[in-house]
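[1] What would the 3D arrangement of this be:
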Amino acid sequence: MRRPVSDGRCRNVFAHSVCDPTGFRLRLAAMDEMALIREARQGKVESFNTLVLTYQTRVYNLAYRLMGDTDSAADATQEAFIAAYKNLGQFREGSFAAWLMRIATNVCYDELRRLKRRPTLSLDQPDHDADSEIRWVSAAESPESAAQRSELNRAIQTCLDDLPLDQRTVAVLCDVQGYDYQAIAGITGASLGTVKSRLSRARQRLRDCLRAAEELLPDAYRLKNQRT
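    Numbering: from 1, shown residues only. Got it, this is the predicted structure:
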């Protein structure tokens, strides 16, 4: 999967190295998504490929943040699109992105359960090699800034990996992918109250974890000391 070049602008600290850069992904506002879905159901592979190109970065980012490993994330992304293509007939109306994210989330859950059953592999030691991180390259970025961003990305992923999977999922969907509570409830199959509770606990644990790496955070995202 190619990593495009961009200006590096992103939405927040958790998404700063994984969000879609301006001008890269296709804008579905300029096309009829349902028309593409209908054509794909009729066997027009080109139409489904357009959907893949539109959502592959978002799906891969979700998979990477949940799995913490690039190879597993790439495999899960491929499996998610295969499953989506096979089950297009089950999609009716609503958010195709949310429907696709639910498939991707379930694929990741299945793969994580499979890996846990394999004694030769450990989920406690995910692949956070510097060359394996999801990052957008900016020609204007200094080597020092790039190195700091790389360290921050590893710190964020390490903190995410320490979360229980249900909390990690809602944190990634909300604070990385930008979905609202209702959409996350639909993706995860949890109630709205459960989503809010999991997200609150996840954010608190992430906040505590990231304090250890506070010097890596950009000034705008530095955690402020709270005095009681």
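
[2] Low-confidence ranges, the protein, go.
    1-31, 117-141, 146, 148, 213-228 (pLDDT under 70).

[3] repeat that for 50
    The model of the chain has pLDDT under 50 over residues 1-30, 119-137, 220, 225-228.

[4] what packs against the longest helix anywhere in it?
    Taking DSSP state H as the criterion, the chain has its longest helix at helix 45-67. Helices and strands touching helix 45-67, by 3 or more Cβ pairs under 8 Å, 6 or more residues apart in numbering; DSSP states H and E, are helix 33-41, helix 70-86, helix 96-116, helix 165-171. Backbone N, C-alpha and C define where each C-beta goes, glycine included.

[5] repeat that with 10 Å
    helix 33-41, helix 70-86, helix 96-116, helix 143-161, helix 165-171 (3 or more Cβ pairs under 10 Å, 6 or more residues apart in numbering; DSSP states H and E).

[6] Pick the most deeply packed of those helices.
    Ranked by mean neighbour count, those are led by helix 165-171 with a mean of 22 (mean count of other Cβ atoms under 10 Å).

[7] residues in contact with it?
    The contact list for helix 165-171, computed with Cβ atoms under 10 Å, 6 or more residues apart in numbering, reads 14, 62, 65-66, 68, 101, 105, 108-109, 112-113, 123, 159-163, 177, 179, 181, 184-185, 187-188, 190, 194-206.

[8] which element follows it toward the C-terminus?
    Counting by DSSP states H and E, the next helix or strand C-terminal to helix 165-171 is helix 181-188.

[9] So what touches that next one?
    Against helix 181-188 from outside (Cβ under 10 Å, 6+ apart): 62, 94-95, 97-106, 109, 166, 169-174, 177, 179, 190-196, 198-199.

[10] Give me the buried subset of the contacts of helix 165-171.
    With neighbours counted by 16 or more other Cβ atoms under 10 Å, those contain buried members at 14, 62, 65-66, 68, 101, 105, 108-109, 112, 159-161, 163, 177, 179, 184-185, 187-188, 190, 195-196, 198-199, 201-203, 205-206.
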